[in-house]
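Q: how would this look folded up:
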Amino acid sequence: MRVQALHRRLSGASAIGSRETRRPDEHRMTASEILGQLLSGVSRGMVLFLIASGLTLTFSVMNILNFAHAAFWLVGAYVTWTIWHLLLLPATGFWIALPAAALVMGAIGWIVEFVLIRRVYDRPHTEQLLLTYALVLVIGDLIKLTWGVDDRIVGRPELLRGYVELLGAPLPLYSIFVIALGCFIAAALWWMLHRTRFGRIVRAAVYSREMVSALGLPIRRIYAGVLAISLFIAGLAGGVQSPISSITLGMDMNVIIEVFCIMVIGGLGSLAGAFVGSLIVGVTYSFAILVFPKMALVLIFLVTALVLIVRPWGLFGTPMRV
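A: Numbers count the residues shown, from 1 in each chain. Coordinates of the predicted model:
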């Protein structure tokens, strides 16, 4: 019971975490509680990174600001729940539902690029935002029609329901799994971009898609592949989130705000910046929710503003040359 109660306190209160908070006037935190809270923040940061990495990829390669990215993340969570629910395997169905939902979202990404996104490549960012915001509204209504407004949650797989102790702190196995998955995806993206032919073409398209087209390479298919990968990772993030907290209609709006803060902190278009920015936001929120539960998001904005003052182009971004 003590372990479960402490874990609930460590989870924080947001779309990514539980709703229980700790009063600021309680006893001082012990070293084990600080360690547990740190792990909770890193775990939360990894979920945010899975979302931010896809958005960073589409912006850096396709120059598209996809405001609907978090809405697709939410769809991934609902798809995970649907597959898990249909399988009737509470203890093990998660392992099938997670990759299946990611594949479904990857296919949706390919279709969305072909039908909608390629129409706004050469349009101003304001028009891109209008299109993707319209997608948010459409997706929200489709979710309401398909899954209703009731909360959904996926049961954690039996293998990840326990805890391990480190320096007296109970560390949930599921949080460790989330951190490991986030690090794996970060390494896989780096390998894809730097060690594969597709990655080299993608990096070339970042600098000049006209040059890539002039070489006879199918730039449209490359863009479709990038968006498919982006939503595949978003689907993974949604699946990973579904056992952490209830899946709720509208929870994507808070998340997209945090993800944009992450991109600003890390530097627009930088995957390394998205990784570090996600950790900063996740850990900041995890500790802020204990002291200032009603101002945790405000503290994230303050951190973002501080970074903009010191480095307007972000921690890993590059200054624009005029």
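Q: middle-most residue in the protein, spatially?
A: Centroid-nearest residue in the chain, with C-alpha atoms, centre = their mean: Ile51, separated by 2.1 Å.
Q: please save the CA atoms from stretch 239-257 in PDB.
A: Extracted C-alpha coordinates of stretch 239-257, given in PDB (Å, rounded to 0.1, in the frame of the first residue of the first chain):
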ATOM      1  CA  GLY A 239      -0.300   3.300 -26.900                       C
ATOM      2  CA  VAL A 240       2.300   3.800 -24.200                       C
ATOM      3  CA  GLN A 241       0.100   6.500 -22.600                       C
ATOM      4  CA  SER A 242      -3.100   4.500 -22.500                       C
ATOM      5  CA  PRO A 243      -2.100   2.400 -19.400                       C
ATOM      6  CA  ILE A 244      -0.800   5.400 -17.500                       C
ATOM      7  CA  SER A 245      -4.000   7.500 -17.300                       C
ATOM      8  CA  SER A 246      -7.500   7.500 -18.600                       C
ATOM      9  CA  ILE A 247      -7.900   8.300 -22.300                       C
ATOM     10  CA  THR A 248     -10.100  11.400 -22.400                       C
ATOM     11  CA  LEU A 249     -11.600  13.400 -25.200                       C
ATOM     12  CA  GLY A 250      -9.700  16.700 -25.400                       C
ATOM     13  CA  MET A 251      -6.600  15.700 -23.600                       C
ATOM     14  CA  ASP A 252      -4.600  16.400 -26.700                       C
ATOM     15  CA  MET A 253      -4.900  20.200 -26.400                       C
ATOM     16  CA  ASN A 254      -2.800  20.500 -23.300                       C
ATOM     17  CA  VAL A 255      -0.200  18.100 -24.700                       C
ATOM     18  CA  ILE A 256       0.200  20.000 -28.000                       C
ATOM     19  CA  ILE A 257       1.000  23.100 -26.000                       C
END
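Q: what about Gly199, distance to Val276?
A: Distance of Gly199 to Val276, computed by C-beta to C-beta, to the nearest Å: 21 Å. In short, each C-beta sits where N, CA and C put it, glycine included.
Q: what about those two, which has more around it?
A: Using other C-beta atoms under 10 Å as the criterion, Gly199 and Val276 rank with Val276 on top: 20 against 15.
Q: any idea which element the more buried one lies in?
A: helix 271-291 (DSSP states H and E).
Q: any idea which helix or strand comes after that helix?
A: Later in the chain than helix 271-291, the nearest helix or strand by DSSP H and E is helix 296-310.
Q: helix or strand with the lowest mean pLDDT in the protein?
A: helix 2-10 (a mean of 42; mean pLDDT, DSSP states H and E).
Q: give the buried residues for stretch 120-129.
A: By neighbour count on 16 or more other C-beta atoms under 10 Å, the buried set for stretch 120-129 is 120, 128-129.
Q: rewinding a little: what is the mean pLDDT for the helix holding Val276?
A: Here helix 271-291 scores 92 as its mean pLDDT.
Q: which helices and strands sit right next to it?
A: helix 31-62, helix 173-195, helix 252-266, helix 296-310 (3 or more C-beta pairs under 8 Å, 6 or more residues apart in numbering; DSSP states H and E).
Q: can you say which of those helices is packed in most?
A: Comparing these by mean neighbour count (mean count of other C-beta atoms under 10 Å), helix 31-62 ranks first with a mean of 24.
Q: show the contacting residues for the closest residue to Leu193 other than its chain neighbours.
A: Nearest non-adjacent residue to Leu193, counting by C-beta to C-beta, 6 or more residues apart in numbering: Gly199, 4.0 Å away. Listed by C-beta atoms under 8 Å, 6 or more residues apart in numbering, the contact set of Gly199 reads 191-193.
Q: distance-wise, check Gly199 relative to Met211.
A: In terms of C-beta to C-beta, Gly199 sits 16 Å off from Met211.
Q: do the same with Gly238
A: Counting by C-beta to C-beta - Gly238 and Met211 are separated by 35 Å.
Q: and for Gly282?
A: 38 Å.
Q: please say which of the two ends up with more neighbours.
A: Gly282 (27 against 12).
Q: pull the contacting residues for the more buried one.
A: 41-48.
Q: swap the cut-off to 6 Å and go again
A: The contact partners of Gly282, taken as C-beta atoms under 6 Å, 6 or more residues apart in numbering, are 41, 44-45, 48.
Q: not counting sequence-adjacent ones, nearest residue to it?
A: Excluding the flanking residues, the one nearest Gly282 by C-beta to C-beta, 6+ apart is Gly45, at 2.5 Å.
Q: run through the residues that contact the one you found.
A: Contacts for Gly45 (C-beta under 6 Å, 6+ apart) come out as 278-279, 282.
Q: one more time with 8 Å, if that's ok
A: Contact analysis of Gly45 by C-beta under 8 Å, 6+ apart lists 182, 278-283.
Q: including distance to Phe59, could those go into CSV?
A: Below are these laid out as CSV (distance: C-beta to C-beta, whole Å):
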residue, distance to Phe59
Gly182, 19
Ser278, 15
Leu279, 20
Ile280, 19
Val281, 17
Gly282, 21
Val283, 24
